[in-house]
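S.K.: Got a sequence here, can you model it:
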Amino acid sequence: MKTLRLVPILLFSLSSILSFSQKNSASEKMYFPPNSGNEWETKSISSLGWNSAKQQELVDFLAQKNTKSFIILHNGKIVMENYFDGQTASSPWYWASAGKTLTSFTVGIAEQEGFININNKISDYLGTDWTMETSAQEDQITCKNLLTMTSGIEDSNGDGILRENLLYKADAGKRWSYHNVYVKLQDVVSKATGKSWQNYFSTSLKDKIGMSGAWISKNNNEVYWSDARSMARFGLLALNKGNWNGTLILNQKYFHDATKTSQNINLAYGYLWWLNGKSTYYLPMTQMQFSGSLIPSAPKDMFCALGKNDQKIYVVPSKNLVIIRMGKSANNSNFARSDFDEMLWQKIKAMMN
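M.R.: Got it, this is the predicted structure:
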C-alpha cells in the first residue's frame, strides 16, 4: 500500500517541477546585452527542457551545409553559438537581402522623426525622372510601394538600380516583384534628413543597440556586413517590437505594420520582412503563387529576414526566440527562402521537442 501511495506522490512532484520550470521560463525577464564589450549572458539547452542529444545533430548539419555562424537566443540569452570554417565571433559576413529589414527599420525611424511619410511619392524626395517611366507612371510609386515590393518596375533587368534599368512593367500596387529598387529608400532617407545613409543609420539604429558593421557598396547596392552577434542584436530588437532595454527605437504602429501582410498579392510579405504561417506566398524571380506556409516546420507566427545564399534571421515571438544563420549557400545559390529553411527548422524542432 505504501508503494502505491508513493507513485501518485512522485508523479505529482514531477508534474509540479515541470510546471514550475515552464512558468519560470515564461516569466523570465528579457535580457539585453550591454551596448559595449563582449558580455552576453548564456543559458543551457537543458534549462529549457530541450533535447540536448539532438544538439550535436543540428551542429553537424550546420557544418555540412556551409554555415559560418549560428546563434540561438531565448529571452535574449545565448543558448547556442557556433562558428565554422574559420569564422569567429568577431568575423564579419554579409547580410545580403536579410539587410533589407535594416532599411525597413531605418525608414520607420525617419518617419517617426517627421522626416518622411511612407505614403508620399518617391519623387517628392528624389525629384522626377528617377526612373525611365512616364511621369504618370512614376507618379504612382510611393515609399510604401518600395517597402512592399509593389513598385511595378520591370524585374528582368537583374539587380541594377541605375535609372536606365528602372522600366515600367505594371502600375504601382498591382504586381508584387522582388527587386532591389527598394534601395532608393536609402536615398529618400538621406535626402530628407540631410545626412548620409551610413550616418543616419548609425546614429538612429546601429549605435543605439551596440551593433558593429558597415554598409559596403556593390553593384550600386548597399550590402551590410557585420559579425553574427550584431545580427543577433537586431533580431532581439525585432523580437521586442522596436524596444531596446526600455528605450523605444521604433514605434509599435510602424513595427506592427511592417511585420504583417502589407498588400493583397504576396500574403507572406510585410515591409521588407518575410512572414510565415500565411495561406499562400510568392518567391523572388517568379510570378507563381504557392499554397501553404512559407516554412511549414517553423512556428506560424515567425517573421524573418532572408538573404541570398541562406543568410537568416528568424524571429519567433511565441517562443521568445531569435535564430541567426550566416554562411555560404547551403545547397545552391538562391535569392531568399530556400529548401534549407525547411530542413533547418526540422532539425531545430527535433532539438526543441
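S.K.: Show me where the chain has its strands.
M.R.: Counting by DSSP state E, one finds strands in the chain at the ranges 67-74, 77-83, 93-94, 214-218, 221-226, 243-244, 247-248, 274-275, 280-281, 290-291, 303-307, 311-316, 321-327.
S.K.: As a markdown table, these with mean neighbour count and distance to Asp341 would be great.
M.R.: Yep, even glycine has a C-beta here, placed from its N, CA and C like the rest. What follows is the strands of the chain, written out as a markdown table (neighbours: other C-beta atoms under 10 Å; distance: least, C-beta to C-beta, whole Å):
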| stretch | mean neighbour count | distance to Asp341 |
| --- | --- | --- |
| strand 67-74 | 24 | 13 |
| strand 77-83 | 19 | 18 |
| strand 93-94 | 19 | 18 |
| strand 214-218 | 13 | 24 |
| strand 221-226 | 20 | 20 |
| strand 243-244 | 18 | 27 |
| strand 247-248 | 10 | 31 |
| strand 274-275 | 26 | 10 |
| strand 280-281 | 18 | 12 |
| strand 290-291 | 10 | 13 |
| strand 303-307 | 25 | 8 |
| strand 311-316 | 25 | 7 |
| strand 321-327 | 25 | 9 |
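S.K.: can you tell which of these is closest to Ile161?
M.R.: strand 221-226 (6.6 Å; C-beta to C-beta).
S.K.: for that closest one, packing partners?
M.R.: strand 93-94, strand 214-218 (3 or more C-beta pairs under 8 Å, 6 or more residues apart in numbering; DSSP states H and E).
S.K.: need the ones you listed in a markdown table with mean pLDDT, can you?
M.R.: A markdown table is the format used below for those (pLDDT from 0 to 100):
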| stretch | mean pLDDT |
| --- | --- |
| strand 93-94 | 98 |
| strand 214-218 | 91 |
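S.K.: related to what we said a few turns ago, so which of the strands of the chain is nearest Asn51?
M.R.: Nearest of the strands of the chain (C-beta to C-beta): strand 77-83, 12.8 Å.
S.K.: could you give the mean pLDDT of that closest one?
M.R.: Averaged over strand 77-83, pLDDT sits at 98.
S.K.: That strand vs strand 67-74, what angle?
M.R.: 170 degrees (axes from the mean of the first three to the mean of the last three C-alpha atoms, to 10 degrees).
S.K.: How about residues contacting strand 77-83?
M.R.: Here strand 77-83 makes contact (C-beta atoms under 8 Å, 6 or more residues apart in numbering) with 31, 40-45, 48, 55, 58-59, 62, 67-73, 89, 91, 228, 232.
S.K.: Export only the CA atoms of that strand, formatted as CSV.
M.R.: Extracted C-alpha coordinates of strand 77-83, given in CSV (Å, rounded to 0.1, in the frame of the first residue of the first chain):
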residue,chain,number,x,y,z
LYS,A,77,20.3,35.0,-23.7
ILE,A,78,22.6,32.8,-25.9
VAL,A,79,21.5,29.2,-25.9
MET,A,80,23.7,28.1,-28.9
GLU,A,81,26.6,29.9,-30.6
ASN,A,82,28.7,28.0,-33.1
TYR,A,83,31.3,29.1,-35.7
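S.K.: This completes my enquiry, with thanks.
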